[in-house]
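Enquirer: Turn this into a model:
(one chain, ligands or ions: 1)
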Amino acid sequence: MFGKGSRLYSIFAMKCPRCHEGDVFETHNPYKKMTAIKETCSHCGLRYEKEMGFFYGAMYVSYMLNIALFVTSVVAYFILLDQYISGTLLMVIYVSLTVVLMPVYYRLSRTIWLNFFNSYAPEKRGTK
Ligand SMILES: [Zn+2]
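Expert: Model (predicted):
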């Protein structure tokens, strides 16, 4: 399920969605050069940004990830933490988590967006 050939591998390992070999970003650490995305895959040559503004759609994915974190926080609060922390502290923790995780969300949303438009096809080569 998480092995090479699955979309989840490509997303969480931040590998090229077509060959699962080349890295999407120039560094593995999202807190260093957060936005440094490679132009093409170093292994198969897939062009990541298909057209100008291609990654604007990743903003919607990032929004969905943030909503998922918010819903998880609220559910955890009402089920587990209601008697231990106040709602204000929950909001402070949620906003802090959102800020700290922003580089991770940025990269995850871009690799998820890339996987919407590219399938695993290790035999293919070229920019398209
Ligand atoms: Zn590739």
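
Enquirer: Around the ion, which positions in the protein sit nearby?
Expert: The chain comes close to the ion at residues 16, 18-19, 22, 41, 43-44, 46, as judged by Cβ under 5 Å from the ion. In short, each C-beta sits where N, CA and C put it, glycine included.

Enquirer: Go again with 6 Å.
Expert: 16, 18-19, 21-22, 41, 43-44, 46 (Cβ under 6 Å from the ion).

Enquirer: and of those residues, the nearest to residue 74?
Expert: residue 16 (35.7 Å; Cβ to Cβ).

Enquirer: What is the longest helix of the chain by residue count?
Expert: The residue-count maximum for a helix in the chain (DSSP state H) belongs to helix 87-117.

Enquirer: what residues does stretch 72-90 touch?
Expert: 93-94, 97 (Cβ atoms under 8 Å, 6 or more residues apart in numbering).

Enquirer: and the spatially most distant residue from the centre of the chain, how far is that from the ion?
Expert: Using Cα atoms, centre = their mean, the residue of the chain lying farthest from its centre is residue 83. It sits 33.4 Å away. Shown here: residue 83 relative to the ion, a distance of 50 Å by Cβ to the ion, to the nearest Å.
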